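Participant: sequence plus the predicted model coming up.
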Amino acid sequence: MAACAKCGTALSDGAGFCPACGAPVAAAATAPPPVQPYAVAAQPRSGNTVLKVVLIVIAVVVGLGILGAATVGFLGYRAIHNAGGSFSMGTGAQVSTADLGIDPYPGAMHVDKGSVRMKIGGSLIVTSVFITSDSPEDVVKFYEDKIGPEVKVEQSAQGTTLQRGADPGEKGDNLLITVTRNHDDGRTNIVIVHSNQNQPS
């Protein structure tokens, strides 16, 4: 049942005026409907969302990088072995004096971590690292005498390089010896790299 907008008296259906105050009933119809409140959704905190997205992207990139490196390593390993070759490093390299193509410096200590032995087709490449308390000059003199007149010697600020045979990258037998002083403990480092591309496959 409708009520008078002015005094609140109950109105009968179809009444044109309020029987109590005389106000026109049409005035009641023009009153605006009451406003219903509505809930406002809370805005998400964008800072946390952005941080989560960035961390997820970083995790995906790192994961793909590790997977890619493992895949490349595996494919390289398979390619070497499928070609009838072999690759070993560290203590598993087992580089012999015959592989080196020259005797190690007398009394020098072998560094297992520096050993590499790789054979692909008709090429054998080996590397060995040695350390001695003797001076670099003594080591260079020893290898100059060992190699003989065909030795090529190059001096630089880092140390001395002695070479015998073919130039690096060319086919044939090549021996490269690098002698440097270790500035941390004063000892002499010797790196011997021997490559021979005349090996039977």
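Facilitator: Looks like it came in fine.
Participant: what about the helices in this protein?
Facilitator: For the chain, helices defined by DSSP state H occupy the ranges 26-29, 46-82, 97-100, 136-147.
Participant: give me the domain ranges for this structure.
Facilitator: For the chain, automatic domain parsing gives the domain ranges 1-35, 86-196.
Participant: put together TSV for those domains, with mean neighbour count on each row.
Facilitator: Glycine gets a C-beta too; all of them are placed from N, C-alpha and C. Below are these laid out as TSV (neighbours: other C-beta atoms under 10 Å):
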stretch	mean neighbour count
domain 1-35	12
domain 86-196	15
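Participant: can I get these in CSV including distance to residue 57 and mean pLDDT?
Facilitator: Output for the domains of the chain, formatted as CSV (distance: least, C-beta to C-beta, whole Å; pLDDT from 0 to 100):
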stretch, distance to residue 57, mean pLDDT
domain 1-35, 46, 70
domain 86-196, 35, 82
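Participant: could the ones you listed go into TSV alongside distance to residue 54?
Facilitator: Formatted as TSV, these follow (distance: least, C-beta to C-beta, whole Å):
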stretch	distance to residue 54
domain 1-35	43
domain 86-196	38
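Participant: among these, which is nearest residue 64?
Facilitator: Residue 64 lies closest, by C-beta to C-beta, to one member of those: domain 86-196, at 25.6 Å.
Participant: pull up the pairing partners for the lengthiest strand in the chain, direction included.
Facilitator: Looking across the chain with DSSP state E, the single longest strand is strand 109-120. Its sheet considered, strand 109-120 pairs with strand 86-89 (antiparallel), strand 123-132 (antiparallel) by DSSP bridges.
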